[in-house]
Structure formats: C-alpha cells, structure tokens
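Q: Provide a 3D model corresponding to the input given below.
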Amino acid sequence: MKVLAIGSIVKPVTPEQRQQIMPREVPATLQLYLDGKIEQYWYRQDAPGVVFLMDVDSVDDAKATVNALPLVADGFAQYQLMPIGPLAPLGMLIQGK
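A: Predicted structure coming up:
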C-alpha cells in the first residue's frame, strides 16, 4: 500500500544536535529508499520537514518505520501518515462503468 508521510520538526534542533543526529538520519533514510520502503522524498517548502511517498504493508508498518528514524526517536520530528491510492472516480470515465 502507499502511504504519504508528512514530517514536521516539533522541537528545534541546535547546530550541535544536528551534527550528532544527521550522520544517523541520512543513512537511515537512504537505506529505507534502497529497501523500497520510501519511493520518493521531498523537502517541504512551507515548513521544516520532509515528505515521503512510502510503499509499505500497512499504516502501522509506515508508523514503525518513521518512528525508528533518529529525528523522531530523539523527539525532534513527527509524521502525519495518510494512506493513499488510485483516484477511483476516474473509473466512471471508462465506458460501461
């Protein structure tokens, strides 16, 4: 299933904390991409944070995955999870449906 994970920074990260966390956060995120759990990723333009398009077994799987990331585990970030799928009403445009 596809899940849109919208990340937000909930506690400011000091430069010193960033130096400690990001060397763990970046490889962990990259590994999720290489494992196929993150299909696409973006940096938010409206607020600090990221957005992932995830391919996971369930929303619970997505939650466990993002909660294991260092920024979340250390209390600096959180994710809003939204299951998404095909635009079903488009089926009405197919003749005979």
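Q: any low-confidence regions in this protein?
A: For the chain, the stretches flagged by pLDDT under 70 are 96-97.
Q: again, only this time at 90
A: Within the chain, the stretches with pLDDT under 90 are 86-97.
Q: Counting residues, which helix of it comes out longest?
A: Longest helix in the chain by number of residues (criterion: DSSP state H): helix 15-34.
Q: what's that helix in contact with?
A: 13, 38-39, 41, 52, 65, 68-71, 74, 76 (CB atoms under 8 Å, 6 or more residues apart in numbering). Every C-beta, even on glycine, is put in place using the N, C-alpha and C of the backbone.
Q: Now, of these, which are buried?
A: 13, 38, 41, 52, 65, 69-71, 76 (16 or more other CB atoms under 10 Å).
Q: rewinding a little: can you put the contacts of helix 15-34 in TSV and add secondary structure and distance to residue 24?
A: Formatted as TSV, the contacts of helix 15-34 follow (DSSP: H, G, I helix; E, B strand; the rest coil; distance: CB to CB, whole Å):
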residue	secondary structure	distance to residue 24
13	coil	13
38	strand	16
39	strand	22
41	strand	17
52	strand	17
65	helix	15
68	coil	11
69	coil	9
70	helix	4
71	helix	9
74	coil	9
76	coil	12
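Q: for those residues, which one is nearest residue 94?
A: The closest of the contacts of helix 15-34 to residue 94 turns out to be residue 39 (CB to CB; 26.2 Å).
Q: Tell me the spacing between the closest one and residue 90.
A: Here the criterion is CB to CB, to the nearest Å. By it, residue 39 lies 21 Å from residue 90.
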